[in-house]
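# Next input, structure requested:
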Amino acid sequence: MKILLVEDDKTIASGLEYSLQQDQFSPIVCHTAASAKQVIAEQLPNIALCLFDLALPDGSGYELCKLVKQRSDVPVIFLTAVDDEVNVVMGLDMGADDYITKPFRIRELISRIKTVLRRYQKQPPAKTIIDIQNVQINTLEGKVYKNEEEVLLTALEYRLFLIFATHLGQVLTRSQLLERIWDVAGDFVNDNTLTVYIKRLREKLEDQPGQPQIIKTVRGLGYKVGD
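The predicted structure follows:
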């Protein structure tokens, strides 16, 4: 299973390459954004996951993540020495699947990689078209429509809404939602992040976000979509 590793620190990259190989992965190592872009252009269909350092000598991991997500829904994990809310939110908005701050334990990183890969492997639902009131999800296209007009969602917003859509009529607690979207050990896993994404979905999908009829709050329990 191929993993694209982009890390400008050659010592760190060498150690990660060895560790990934020990876990039966096949890392493709790049030290610059330019070389990574070439790999993305030529080999992305064969890559299972991307590990991007945020600070690169000729670009950034954000730039690479955006490029990957424009071409395919390949999972991305950011590696960074910076740990602040602005960078976390920016990474989430670009569709990142996880975010780990240096220095980190290699076993923790391997665990996160496997968790993200399992999540992607289990994602496809049985139905390809899901209708919820005036909103429709086309899972083959990976797109959401409201009144037959496409609604632009980030990758994380889409996966959150798809979780709701594939559990119609069921009450999902905040803990259940967090477990399905993010690695429980993730640095940015918290109720505030989930609240932000549910608010964004309501603003994009509800006719009256202040009185939601699609993503309903079940007081004291969680959220429910559908009857």
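
# contacts, neighbours, all on C-alpha from now
Noted.

# Enumerate the positions of stretch 68-84 that are buried.
Applying a neighbour-count criterion of 16 or more other CA atoms under 10 Å, one finds Val68, Lys69, Val74, Pro75, Val76, Ile77, Phe78, Leu79, Thr80 buried in stretch 68-84.

# Find out how far that stretch is from the centre of the chain, if you would.
Its chain's C-alpha centre and that of stretch 68-84 lie 8 Å apart, by CA atoms, centre = their mean, to the nearest Å.

# That stretch - what's its average pLDDT?
Across stretch 68-84, the average pLDDT comes to 84.

# cool, stretch 219-227 as well?
Per-residue scores along stretch 219-227 average to 85.

# List of residues touching it?
Judged by CA atoms under 8 Å, 6 or more residues apart in numbering, the contacts made with stretch 219-227 from elsewhere in the structure are 132, 164-165, 167-174, 214-218.

# how does it look with 6 Å?
Counting contacts by CA atoms under 6 Å, 6 or more residues apart in numbering, the residues outside stretch 219-227 that touch it are Phe164, Leu168, Gly169, Gln170, Val171, Leu172, Thr173, Arg174, Ile214, Ile215, Lys216, Thr217.

# May I have the phi/psi pair for Ser26?
For Ser26, the backbone dihedrals (degrees, to the nearest 10) come out as phi -120, psi 90.

# Surely it and Leu16 touch.
No: in this structure, Ser26 sits apart from Leu16 without contact. The criterion is CA atoms under 6 Å, and the distance is 11.2 Å.

# thinking again about what came up before, which members of the buried residues of stretch 68-84 occur in helices, if any?
By the criterion of DSSP state H, membership of the buried residues of stretch 68-84 in helices covers Val68, Lys69.

# re earlier: which one of the contacts of stretch 219-227 is nearest to Asp98?
For the contacts of stretch 219-227, the closest approach to Asp98 (CA to CA) belongs to Arg174, at 18.3 Å.
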